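A.B. asks: 3D, please:
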Amino acid sequence: MAESFAGPRSAREMETPDRSVEPADGAGPAGAAGAAEPAASSRASGPPDAADPADPADRTGNAGQDLATMASALNSGAIHLLRSLAAVDRQSGLPRARLSALSVLVFGGSRTLGELAAAEGVAGPTMTRTVDGLIAEHLAERLPHPTDGRAVVIAATAAGETLMRAAQRRRIDVLVDALAGLPLDQQLASAAAGPLLERLAAVVRGQPPSPSER
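C.D. replies: Now for the predicted structure:
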């Protein structure tokens, strides 16, 4: 479900580095093995368990381990941050599913029921119940589709936008207070992390990197 309440965003992706594994010395076609033998003999004369820093397999293994560590840290940090903000979101008085759907409508514009369900990653009947709840509270409304006379779109009402903007403001205020307690270098690092997380999220969603980011 949408969680950022950060307003409309462009699709910014983070390019995943090419970490393909190159064949180790002596591997591959037989014609290449002879050329690799001097290097292999040279390494064999050293300590038997000494790692060769120039070996691509060693570099790839270390890089893979580093990426796993980074991914674990990102996952843990994101979970803890969102859990901390959940208490702030409850001040809106809306269940989480309704608040999340309303954020899509306010910051992303009106959607058909199917589009809203896809954006939230839920089934159509589930989104129908969520939308019915928003409409009952006068936070959303069904409007004629601008191009399809047989369809309708779901849009936020003025009251819904006011509520959503207030929820966003509370989140931002809490984060401002938290950032104020960090050293300056960590504040700057946090600011730089925002756009990078957006690009990472786009990659996870399957959006390819733009040509300018290649």
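A.B. asks: Kindly list the longest helix within this protein.
C.D. replies: Longest among the helix segments of the chain by residue count, using DSSP state H, is helix 56-89.
A.B. asks: buried sites along that helix?
C.D. replies: Going by neighbour count (16 or more other C-beta atoms under 10 Å), the buried part of helix 56-89 is 85, 89. Heads up, the C-betas are built off the backbone N, CA and C, glycines and all.
A.B. asks: what packs against that helix?
C.D. replies: Helices and strands touching helix 56-89, by 3 or more C-beta pairs under 8 Å, 6 or more residues apart in numbering; DSSP states H and E, are helix 96-108, helix 158-180.
A.B. asks: Next up, the contacts around the nearest residue to Ala140 once chain neighbours are set aside.
C.D. replies: Closest residue to Ala140 apart from its sequence neighbours, by C-beta to C-beta, 6 or more residues apart in numbering: Leu134 at 3.8 Å. Leu134 makes contact with 98, 101-102, 140, 154, 160 under the criterion C-beta atoms under 8 Å, 6 or more residues apart in numbering.
A.B. asks: at 10 Å instead, please
C.D. replies: Listed by C-beta atoms under 10 Å, 6 or more residues apart in numbering, the contact partners of Leu134 are 94, 97-99, 101-102, 105, 140-141, 154, 156-157, 160, 163.
A.B. asks: ditto for Gly114
C.D. replies: Taking C-beta under 10 Å, 6+ apart, one finds 124, 127, 151 in contact with Gly114.
A.B. asks: which of these are buried?
C.D. replies: When these are checked for burial by 16+ other C-beta under 10 Å, the buried set is Met127.
A.B. asks: List just the nearest of the contacts of Gly114 to Leu82.
C.D. replies: Distance to Leu82, by C-beta to C-beta, is smallest for Met127 among the contacts of Gly114, at 21.0 Å.
A.B. asks: Is the closest one in contact with Ala119, as I believe?
C.D. replies: Yes - proximity of Met127 to Ala119 meets the contact threshold set by C-beta atoms under 10 Å, at 9.2 Å.
A.B. asks: any common contacting residues for these two?
C.D. replies: Taking C-beta under 10 Å, 6+ apart as the contact rule, Met127 and Ala119 both touch 101, 111.
A.B. asks: now the chain, which segments are flagged as low pLDDT?
C.D. replies: Applying pLDDT under 70 to the chain flags residues 1-64, 209-214.
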